[in-house]
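J.: compute the structure for the input listed below.
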Amino acid sequence: MKTKISILTALFIILALVLVQTSSAQMAEVKVGKGTLKMGGILQAGYTFHLEDDEGYNSFTLNRARFLFWGDIIPDKVKYFVQLDHKGNVSVLDYKARFFYISNTEITVGRFLPNFTLYMPYSTAKLEMINYPLTTQRFAVWRQVGIQTTTKTEYVDFNLGIFNGADQPNNTSDNNDAKDFLLRANIKPPIEQAKVLFGGYAWIGSADPGFGLTEEGTVKRNRFGGFAKVDYKATEDVTVKFRGEFLMASTEHLTFADMDSVACIDAQAFFAHVGIQPTPKVEVLFRYDFHDPDTDTDDDGESWITAGVNYYLESINSMFYLNYISKIEQGTDVDNDLIVAQVQIAF
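T.: Below is the predicted model:
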């Protein structure tokens, strides 16, 4: 009798545990009112060491803490993407609704990174070095509110966009009646053993001239550039990567002497990047950046030379960056070289 009771008790306990686990699993499911939902994240933290600047603070850094949500509302027709940032004041970085009702074409509406420069639209988890190149750092328009189309064909992709174009980054509204326009073309030639992408873009922008003179109209903020990207499979294990970009900028502003007249500053930047990945776990990188903020002024340019090593524990999902950055100023030399390390988790 005791044996039967013991067996029944054990069976009851096992059944209870199964029911609890089933209930917990059901509670853990993510349910949405309509469609599908996927979640991801990008977590980046590191350390910055100032090699020469005695007044610089060597510091641990929290670079990004982002959570991503995306899915379908109507399969293959209506999709969405939301990105939240828990570092800094801005919480909602991106919100975009994506429509696929035209053949080979996506129409994106909301607040997002336009397809401008080579690296600006990249997921930050896919950056090959810790910092963006100077073409992006100095001239990116960053997140904009507007609409963008992406048409993909076998060999060429096209982007057309209309955006608010407010002067401040991370904008959610406009500060003038004029709109900014994006044009871009990517060319994808079929080359054996290599992935090749090159193309060009134009950003035709307008901005409030400032000083409360909105009624005077707008001033120009134009950027034009071209880029090339090559991933060459040298052997089964070895991959060689090339990246390059050149950008020209033309920026108008009101003169201080005569607030009715407009002056224009022409600037430019470029970079060249080489990466060698001898094994899937290790990549060695080198990048040269140059930025001239005013082509009519001498000795005002800057150059950055960056050497880096990436170690991939599990592709880009778990990896370490180590970058040495030598900053060279054409005018007064500044002691500002850095060693920067970063650990990344992306899921």
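
J.: separation between the nearest residue to Pro280 once chain neighbours are set aside and Arg287?
T.: Excluding its sequence neighbours, the residue lying closest to Pro280 (Cβ to Cβ, 6 or more residues apart in numbering) is Tyr312, at 6.6 Å. No exception for glycine: its C-beta is placed from N, CA and C like everyone else's. Noted for Tyr312: a distance of 18 Å to Arg287, by Cβ to Cβ, to the nearest Å.

J.: so between those two, which is more surrounded?
T.: Remark: of Tyr312 and Arg287, Arg287 carries more neighbours, 23 against 17, as counted by other Cβ atoms under 10 Å.

J.: name the helix or strand for that one, please.
T.: strand 282-292 (DSSP states H and E).

J.: rewinding a little: give the helix, strand or coil label for the residue nearest to Pro280.
T.: strand (DSSP: H, G, I helix; E, B strand; the rest coil).

J.: residues near the residue lying closest to Phe242 once chain neighbours are set aside, how many?
T.: Of all residues not flanking Phe242 in the chain, Val230 sits nearest, at 4.3 Å (Cβ to Cβ, 6+ apart). Val230: 15 surrounding residues under other Cβ under 10 Å.

J.: could you export the lengthiest strand in the chain as PDB, CA atoms only?
T.: Using DSSP state E, we find that the single longest strand of the chain is strand 262-279. Output of strand 262-279 as PDB, limited to C-alpha atoms (Å, rounded to 0.1, in the frame of the first residue of the first chain):
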ATOM      1  CA  VAL A 262      25.100  84.500 -48.200                       C
ATOM      2  CA  ALA A 263      28.600  82.900 -48.100                       C
ATOM      3  CA  CYS A 264      29.500  79.300 -49.000                       C
ATOM      4  CA  ILE A 265      32.000  76.900 -47.500                       C
ATOM      5  CA  ASP A 266      33.200  74.000 -49.600                       C
ATOM      6  CA  ALA A 267      34.600  71.000 -47.700                       C
ATOM      7  CA  GLN A 268      35.600  67.500 -48.600                       C
ATOM      8  CA  ALA A 269      36.600  64.200 -47.000                       C
ATOM      9  CA  PHE A 270      37.700  60.700 -48.000                       C
ATOM     10  CA  PHE A 271      38.900  57.400 -46.500                       C
ATOM     11  CA  ALA A 272      40.600  54.200 -47.700                       C
ATOM     12  CA  HIS A 273      40.200  51.000 -45.700                       C
ATOM     13  CA  VAL A 274      41.900  47.600 -46.000                       C
ATOM     14  CA  GLY A 275      41.000  44.500 -43.900                       C
ATOM     15  CA  ILE A 276      42.500  41.100 -43.900                       C
ATOM     16  CA  GLN A 277      40.700  38.200 -42.300                       C
ATOM     17  CA  PRO A 278      43.100  35.200 -42.300                       C
ATOM     18  CA  THR A 279      40.700  33.100 -40.200                       C
END
